Structures are given as C-alpha cells and as structure tokens.
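Visitor: here is a sequence together with a model predicted from it:
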Amino acid sequence: MEIKEYHAHIYYNEDSHERALKVIEKARGVDFFSVGRAHEKPVGPHPMWSCQLLFSNKDLDRVMPWIISNRDGLTIFMHPQTGNDYEDHADHAIWMGEMVELNLSIFKK
C-alpha cells in the first residue's frame, strides 16, 4: 500500500463554528498544511460541517503534535490517501475527539 498524502478533517457545527474558524485560521499560517474550504454543511462521507487539511507523508511527525495542541476540543478525523477511499476512511482512520459515523456508502468496498 502506497500512501500518497494525508487528509485531516476538522469537524464542527453551528455551536463550535467560531472556535473551528480560529483553528482553521491558525492552520492557514502553518507551512505544512494546504487548507480547504470551511463547509457549513455535510460534504461527501462527512456527517458534520468540516474543513479539510492536506499534508504530505513527510510532515506526519509535525502534523500530529500540531493538531493535538491546537484542535481546541474539536473532533479531528484523519486518514491516508492510498487510492482506496473506502479503506482509507473505514480501516485506516485516526480519530481525535468524538468518533462520528461516516457515510461510507458513497465508496466502493
């Protein structure tokens, strides 16, 4: 299995939206993240509002401490990109905070 990159998704809702925007803004200032849009609706398999952070394999050792120190109590869902979306989201998932059920039916097993 080849890992091409990683995605970390910051999960939030209406109550935690402002807190999430602060974490997202901090992430924009970090050189190892590429920061996606802050969605205010469920997107793809994600059942909550979310924002995607992309980062390379070589930065995993820097990303983990950053997320642990800066997530401000928000749920973070992280997974590799191997080309098998189902396995990446179901079997290779890393959770920080509350685990939520993903909509995996959009992926081929």
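Guide: In hand now; what should we look at?
Visitor: next one: G29 from L60, what distance?
Guide: 19 Å (CB to CB, to the nearest Å). All C-beta spots, glycine's among them, are computed from the backbone N, C-alpha and C.
Visitor: which one's more surrounded, these two?
Guide: Neighbours were counted for G29 and for L60 using other CB atoms under 10 Å; L60 has more, 15 against 8.
Visitor: just to be sure, that one is in a helix?
Guide: Yes: L60 forms part of a helix when assessed by DSSP: H, G, I helix; E, B strand; the rest coil.
Visitor: make 24 the starting number, not 1.
Guide: Taking 24 as the first residue, the last one we looked at is L83.
Visitor: do you know how far it is from I117?
Guide: 10 Å.
Visitor: for the chain, just list every one of the helices.
Guide: Applying DSSP state H to the chain gives helices spanning 40-51, 83-93, 108-113.
Visitor: tell me the buried residues in the shortest one?
Guide: Across helix 108-113, burial judged by 16 or more other CB atoms under 10 Å covers D108, E110, D111, H112.
Visitor: now do stretch 60-70
Guide: Here stretch 60-70 shows A61, H62, V66, P68, H69 as buried, counting by 16+ other CB under 10 Å.
Visitor: is it true that F78 touches A31?
Guide: Yes: F78 sits in contact with A31 when judged by CB atoms under 8 Å, with a separation of 7.2 Å.
Visitor: residues touching the residue lying closest to W118 once chain neighbours are set aside, list them.
Guide: Nearest non-adjacent residue to W118, counting by CB to CB, 6 or more residues apart in numbering: F100, 6.0 Å away. Going by CB atoms under 8 Å, 6 or more residues apart in numbering, F100 touches A31, H32, Y34, H69, S73, A116, I117, W118, V123, L125.
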